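A.B. asks: based on what follows, work out the 3D shape:
(one chain, ligands or ions: 1)
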Amino acid sequence: MAPTSSILWRNLRVHQIYGANTDVGKTVFTTILCNAVAKRYKRDQTFFLKPVSTGLAQESDSWSLLSAISEHIARRAEHGPGWLFLETAGGVHSPGPSGTTQADLYTPLRAPVVLVGDAKLGGISQTIAAFEALKIRGHDIEAVLLFRDLEYKNYVYLRDYFQTRGHVPVETVSPPPAQCEDDSSETASMLSYYDSASSEDGMAGILHALDQRAKDRIARLDSMRDKASNTIWYPFTQQKLLTPDRISVIDSAHGDYFQVLDSESQSSSNRPLLKPAFDGSASWWTQGLGHANPQLTLAAAYAAGRYGHVMFAEAIHEPALALAELLLKELGNPRLSRVFYSDNGSTGCEVAVKMGLRAARTRYGWAPGERLEILGLKGSYHGDTMGAMDCSQPCAFNEKVEWYDGKGFWFDYPTVQCTNGKWTVAVPDALRNDLGDSTQFASLSSVFDLDSRTRDGQFEGYKRYISETLEQLHDQGRRFGALMLEPVVLGAGGMLLVDPLFQRALVEVVRASSHLFETTAPSSPPTSDEHASSWSGLPVIFDEVFTGLYRLGRFSAASLLGVNPDISVHAKLLTGGLVPLCATVASEPIFAAFASDDKSDALLHGHSYTAHAVGCQVALESLSEMQSLDARGAWDWAKANGWSAAQTPPDTTMTAASVINSSSSGDSSDVNYSKGLVWSIWSRDFVENVSQKMDKVSGVWALGSVLAISMRDEKGSGYKSNAAVSLRTALHKGAGSWNAHTRVLGNVFYVMGGQKTDKETVEELQALILDFLDS
Ligand SMILES: C[C@H](N)[C@H](N)CCCCCC(=O)O
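C.D. replies: So this is what the prediction gives:
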C-alpha cells in the first residue's frame with residue numbers, strides 16, 4: 001500500500017476547489033475557471049475532476065480515494081502543460097465516503113486551494129470559518145472566489161479581510177442567470193453566462209496569480225537546498241561533508257510521511273516533484289500520532305487562542321494543572337507527586353540532576369561546593385546542553401566540547417539482542433569473570449520476566465558485582481548524588497537494549513547501600529512518616545525522554561523494570577511530537593530538599609517558555625489519544641505478530657543449561673502477558689529472520705515501535721562507524737514511488753514508527769530491509 005504523494009507537477013497546475021458551504025457555486029466556479037484557462041492559456045489542456053461525480057469517491061477509504069485521484073492526475077500530467085481543478089464535495093467539513101471531512105480528507109494531497117466563498121446572508125462568517133479550517137490543516141489558500149451578490153455584498157468585507165490575511169486575492173463574478181423553463185434555453189443561457197464570466201478581467205487576474213504562485217512555489221523548492229547549505233548550521237552534521245543534494249527538502253508532512261522534493265524531478269517535467277518518505281527516525285524520536293494530526297493541531301490552536309504564552313512562576317493555568325494531574329496518575333508511581341515543567345529533554349534532565357544532587361547533598365550533609373558525581377551506564381546520553389552532557393562518560397558527542405567535564409561512574413552491563421535467531425543476554429568480555437557467560441532465552445518476554453529472573457543466580461551475581469564496584473568507589477572517596485538511567489534502552493548512545501535485570505539490580509543495590517554514599521552522618525535522615533516516597537541510597541532518576549510514553553509499548557518504561565524512580569523525565573512523545581515540552585516529575589522528599597526560608601535555596605530554574613500552555617494542551621490531547629489507542633486494542637495486530645503468549649514457541653534447540661525460560665515451571669510462553677506483554681510493531685519472525693543475516697548483522701532487537709539493527713563492522717562499532725550507511729542508503733532509494741528517511745547511530749541502523757503506523761506500512765519497510773540484507 002504505497003503512501004499518498006502530495007500533488008505538485010511542473011507541467012500541470014492542480015488546484016483544489018473547496019466550498020465555504022454547500023450550494024455556494026463550486027461547480028459553477030470550477031467551470032468558469034476551466035473556461036478561463038481555455039481562453040487564455042491556449043496551449044494548455046484543462047481538466048476537471050469531481051471525485052463524487054466520477055465515482056472515485058465511492059472508494060471505501062481515504063487511502064483508496066486519494067491514490068485513485070493521484071493516479072488519475074498522474075495520467076493527465078503525462079500529456080504536456082495543463083490545468084486540473086479538483087472539486088471537493090459540500091463544505092470544508094462535509095464528510096467524505098470514509099467519514100473523514102473534506103478538509104482532512106484531501107490534506108495529504110496539499111494542492112493549492114481556491115476557496116469558493118459564500119455570498120448569501122451569513123456567508124462572511126462561513127467563508128472565514130472555512131478559511132481558518134483549511135489554514136490550520138496546512139492548506140495554502142491562493143484565492144477566494146464568490147458571486148457578486150449586490151444585496152449583501154459579502155465580497156466587500158471579505159476583500160479587506162483577506163488582504164490582511166496573507167494578501168489572498170478575492171474575486172467575484174456575477175451570479176448565474178435565473179433558471180430557464182426548458183432544457184435547451186437553460187443550456188444556451190448557461191453557455192452564454194460561462195462565456196462572459198470566464199472573460200471577465202478578474203478571472204484573468206486570478207489565473208495569473210495562481211500560475212505565478214505555483215511557479216514561485218516550485219522555484220522556492222528548487223532553490224532551497226543551495227540556500228540552506230549557505231545559510232543553515234545543521235545539528236549533528238559534519239557540514240563539510242554535506243553536499244546540497246543530500247539535504248531533504250520537506251514540503252510538508254502527513255501521518256508517517258514527509259513529502260520531500262524528488263531531485264530527479266528537476267530534470268524531468270513529467271515527474272511529480274514530491275515523493276513520500278517514511279519518517280524513520282520519527283523526527284528524532286518525537287512522533288507519535290502522525291504529522292499534522294488534526295486533533296493535536298486543534299488543541300494547539302485552542303491553547304494559542306486562549307493563552308498565547310503566559311509566564312508560569314507563581315501562576316497556574318488549566319492545561320498545566322490538568323497535565324500534571326494526568327501524568328502523576330498515569331505514571332502509576334506512588335513516589336511521584338510534583339511536576340516541574342521545562343521545554344526539552346536535555347533541560348528536563350538537567351533539572352532532574354539539580355533535584356537529585358540537592359536532595360543527596362542535604363541528606364548527607366555535604367557542603368554546596370562539593371564535587372558530586374552521577375552513577376550511570378556506559379553510553380548513556382541525556383542531552384546536548386552542558387549540564388546534561390556532564391552526566392555522560394566521554395563519547396563522540398561530548399569529548400570535543402571544550403567545557404565538557406564528565407562527572408560520574410558509568411557501569412558496563414549486559415545487553416539484549418537477537419542473534420542468529422536466539423534472544424541473548426550478552427555479557428561484555430570485560431565482565432565475564434564477574435557476571436558469567438551470555439545466556440539465551442526462549443523469547444524477549446522471557447528476558448523481561450523479571451519476577452522469575454530475580455529468583456535466579458544471575459540476579460545475585462549482578463547485585464554482587466554492583467555492590468563490589470560501589471564499595472571500591474566508596475573507598476576511593478568519590479561522592480555520588482544520583483543514579484541516572486535511561487530505562488531499558490539507551491537512545492543516542494547507540495540504541496542499546498540493556499538487560500532489564502541489570503538495571504533492576506542496580507536500582508536495588510543503590511537503594512540498599514546508603515552506607516556506601518554517606519561520608520558523614522546524614523544531616524536529615526529519612527523519617528518514618530516519609531514512607532513510600534522516601535528515597536534511600538541515592539535519588540533514582542529515570543530519563544524516559546526517549547523510552548517513555550508508549551515508545552517501548554508502555555505508558556512508562558519504568559514499568560518494564562518494575563522500578564519506581566524518585567524522579568522521572570518525560571518529553572518527545574509527551575506532545576506527540578508537535579511542540580517542545582518536558583516534564584520532570586519528582587517525589588515529595590526531593591521537593592522538600594529545596595524548602596527553606598531562604599529564597600535562594602529554591603530550585604532557581606525556569607525557562608521563558610516553561611509550562612507553555614500550547615505544549616500542555618497538546619500533551620493532554622496526545623496522552624489521552626495514546627491511552628485510548630491502548631485501551632481499544634489498536635496494537636493487537638502487532639502483539640499478534642509473534643509476541644503474544646500463544647505464539648511464543650517452546651524452545652527445542654537450546655540445552656537446559658544454556659536456556660533460561662520465562663517461567664520456573666518450564667513454560668516458555670509469555671508469563672508477562674497478564675502483567676503487560678512485551679511486544680513490537682516489528683514482527684517477531686522478521687526480527688529473528690534479520691538476526692540470521694550473520695554476514696551483515698551482528699544483532700537486532702525490537703520493542704514497541706523501535707527496531708535497532710547492529711551492522712557488523714570489523715573496524716569497530718560506535719558513532720564514528722559507517723557500517724549502517726549502506727542500509728540507510730538502500731532505504732533512502734526506497735521502493736519507487738516512496739522511500740524512507742532515517743538516521744543512523746554509527747553501526748546501528750534504527751527505524752521506528754509512530755503509535756498510528758499501520759501493519760501494511762511496517763510490512764513494506766520490513767520487505768525493504770530484508771531486500772537489502774539479502775542482496
Ligand atoms: C535528538 C536527541 N534528543 C539528541 N539530542 C540527539 C541524539 C543523537 C542523534 C545523532 C544523529 O542523529 O546523528
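A.B. asks: contacts and neighbour counts: CA atoms only from here.
C.D. replies: OK.
A.B. asks: give me the contact list for whichever strand or helix holds Trp83.
C.D. replies: For Trp83, the host element (DSSP states H and E) is strand 82-87. Strand 82-87 has contacts (Cα atoms under 8 Å, 6 or more residues apart in numbering) with 11-18, 26-27, 30, 34, 37, 43-51, 73.
A.B. asks: any quick ChimeraX command for the buried ones out of those residues?
C.D. replies: Burial among the contacts of strand 82-87 is assessed by 16 or more other Cα atoms under 10 Å; the matching ChimeraX selection reads:
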select :11,12,13,14,15,16,17,18,26,27,30,34,37,44,45,46,47,48,49,50,51,73
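A.B. asks: among the contacts of strand 82-87, which ones are in helices?
C.D. replies: Using DSSP state H, the subset of the contacts of strand 82-87 located in helices is Lys26, Thr27, Thr30, Cys34, Val37, Pro51, Ile73.
A.B. asks: wait, what's in contact with the closest residue to the ligand within the chain?
C.D. replies: Of all residues in the chain, Ala492 sits closest to the ligand, at 4.4 Å by Cα to the nearest ligand atom. By Cα under 8 Å, 6+ apart, the contact set of Ala492 is Ser380, Tyr381, Leu745.
A.B. asks: one more time with 7 Å
C.D. replies: If a contact means Cα atoms under 7 Å, 6 or more residues apart in numbering, then Ala492 has Tyr381 as its contacts.
A.B. asks: secondary structure element for it?
C.D. replies: Remark: Ala492 resides in no helix or strand, with elements defined by DSSP H and E.
A.B. asks: what is the least confident helix or strand in this protein?
C.D. replies: strand 659-660 (a mean of 40; mean pLDDT, DSSP states H and E).
A.B. asks: count of residues packed around Ile316?
C.D. replies: Using other Cα atoms under 10 Å, the number of residues around Ile316 comes to 13.
A.B. asks: return the per-residue confidence for it.
C.D. replies: According to the prediction, Ile316 has pLDDT 98.
A.B. asks: then the one 4 residues further on?
C.D. replies: According to the predicted model, the pLDDT of Ala320 comes to 98.
A.B. asks: please name the nearest non-neighbouring residue to it.
C.D. replies: Distances taken as Cα to Cα, 6 or more residues apart in numbering put Cys616 closest to Ala320, at 5.5 Å, once the chain neighbours are dropped.
A.B. asks: again with Gly537
C.D. replies: Nearest non-adjacent residue to Gly537 (Cα to Cα, 6+ apart): Ser514, at 3.9 Å.
A.B. asks: phi, psi for the one you found please.
C.D. replies: phi -50, psi -40 (degrees, to the nearest 10).
A.B. asks: pretty sure it contacts Ser536?
C.D. replies: Yes - counting by Cα atoms under 7 Å, Ser536 is a contact partner of Ser514 at 6.2 Å.
A.B. asks: so the two - more neighbours on which side?
C.D. replies: The neighbour comparison of Ser514 against Ser536 (other Cα under 10 Å) goes to Ser536, with 20 against 16.
A.B. asks: tell me the SS of the residue nearest to the spatial centre of the chain?
C.D. replies: Nearest to the geometric centre of the chain sits Gln287, at 0.7 Å (Cα atoms, centre = their mean). Following DSSP: H, G, I helix; E, B strand; the rest coil, Gln287 is assigned to coil.
A.B. asks: show me what contacts it?
C.D. replies: Applying Cα under 7 Å, 6+ apart, the residues near Gln287 are Leu573, Gly576, Gly577, Gly754.
A.B. asks: now Val509
C.D. replies: Applying Cα under 7 Å, 6+ apart to Val509 gives the contacts Lys463, Ser467.
A.B. asks: how about the secondary structure of it?
C.D. replies: Applying three-state DSSP: Val509 is helix.
A.B. asks: what's the distance between it and Gly633?
C.D. replies: 37 Å (Cα to Cα, to the nearest Å).
A.B. asks: and what about the nearest residue to Tyr341 once chain neighbours are set aside, helix, strand or coil?
C.D. replies: Of all residues not flanking Tyr341 in the chain, Ala583 sits nearest, at 4.6 Å (Cα to Cα, 6+ apart). For Ala583, the assignment made with three-state DSSP gives strand.
A.B. asks: show me the contacts for Ala583.
C.D. replies: Contact analysis of Ala583 by Cα under 7 Å, 6+ apart lists Val339, Phe340, Tyr341, Ser342, Gly348, Val569, His570, Ala571.
A.B. asks: again, 8 Å this time
C.D. replies: Contact partners of Ala583, counting by Cα under 8 Å, 6+ apart, are Val339, Phe340, Tyr341, Ser342, Asp343, Gly348, Val569, His570, Ala571.
A.B. asks: got it, and Gly345?
C.D. replies: Going by Cα under 8 Å, 6+ apart, the list of residues near Gly345 reads His382, Gly383, Val545, Val569, His570, Ala571, Lys572, Leu581, Cys582.
A.B. asks: kindly report the same for Trp63.
C.D. replies: Counting by Cα under 8 Å, 6+ apart, Trp63 touches Pro3, Thr4.
A.B. asks: and it, what element?
C.D. replies: Counting by DSSP H and E, Trp63 is found in helix 62-77.
A.B. asks: tell me where the stretch 601-750 of the chain has helices.
C.D. replies: 613-631, 636-639, 684-691, 725-733 (DSSP state H, counting those that start in this stretch).
A.B. asks: again, but for the stretch 151-300 of the chain
C.D. replies: 154-163, 183-199, 201-231, 282-285, 294-306.
A.B. asks: out of the ones you listed, which gets nearest to Leu731?
C.D. replies: helix 282-285 (14.7 Å; Cα to Cα).
A.B. asks: ok, residues contacting stretch 17-27?
C.D. replies: 30, 85-92, 113-119, 123, 126-127, 129-131, 146.
A.B. asks: run a quick neighbour tally on the closest residue to Gly387 other than its chain neighbours.
C.D. replies: By the measure of Cα to Cα, 6+ apart, the closest residue to Gly387 outside its immediate chain neighbours is Glu350, 5.9 Å from it. Glu350 has 23 neighbours, counted by other Cα under 10 Å.
A.B. asks: and the gap between Glu350 and Leu65?
C.D. replies: From Glu350 to Leu65 the distance is 48 Å (Cα to Cα).
A.B. asks: how close does Glu132 sit to Val14?
C.D. replies: Noted for Glu132: a distance of 21 Å to Val14, by Cα to Cα.
A.B. asks: picking that back up, show me the two of the contacts of Gly345 that sit farthest apart.
C.D. replies: Maximum distance among the contacts of Gly345 (Cα to Cα): 15.4 Å, for His382 and Leu581.
A.B. asks: so who does Thr231 touch?
C.D. replies: Here Thr231 is in contact with no residue (Cα under 8 Å, 6+ apart).
A.B. asks: enumerate the residues of the stretch 401-550 of the chain near the ligand.
C.D. replies: Remark: the part of the stretch 401-550 of the chain in contact with the ligand comprises Ala492, using Cα under 6 Å from any ligand atom.
A.B. asks: what ranges of the stretch 401-550 of the chain fall below the confidence cut-off?
C.D. replies: 521-531 (pLDDT under 70).
A.B. asks: pull up the residues of this protein that are close to the ligand.
C.D. replies: Close to the ligand, as judged by Cα under 6 Å from any ligand atom, the chain has residues Phe236, Trp284, Gly383, Asp384, Ala492, Arg743.
A.B. asks: just the buried subset of these, please.
C.D. replies: Using 16+ other Cα under 10 Å as the burial test, those include Gly383, Ala492, Arg743 as buried.
A.B. asks: before we move on, the earlier item: how much space between the residue nearest to Tyr341 and Gly308?
C.D. replies: 20 Å.
A.B. asks: please apply the same query to Tyr609.
C.D. replies: 11 Å.
A.B. asks: so which of those two has more stuff around it?
C.D. replies: A direct count of neighbours by other Cα under 10 Å for Tyr609 and Gly308 places Tyr609 higher, at 17 against 13.
A.B. asks: thank you, goodbye.
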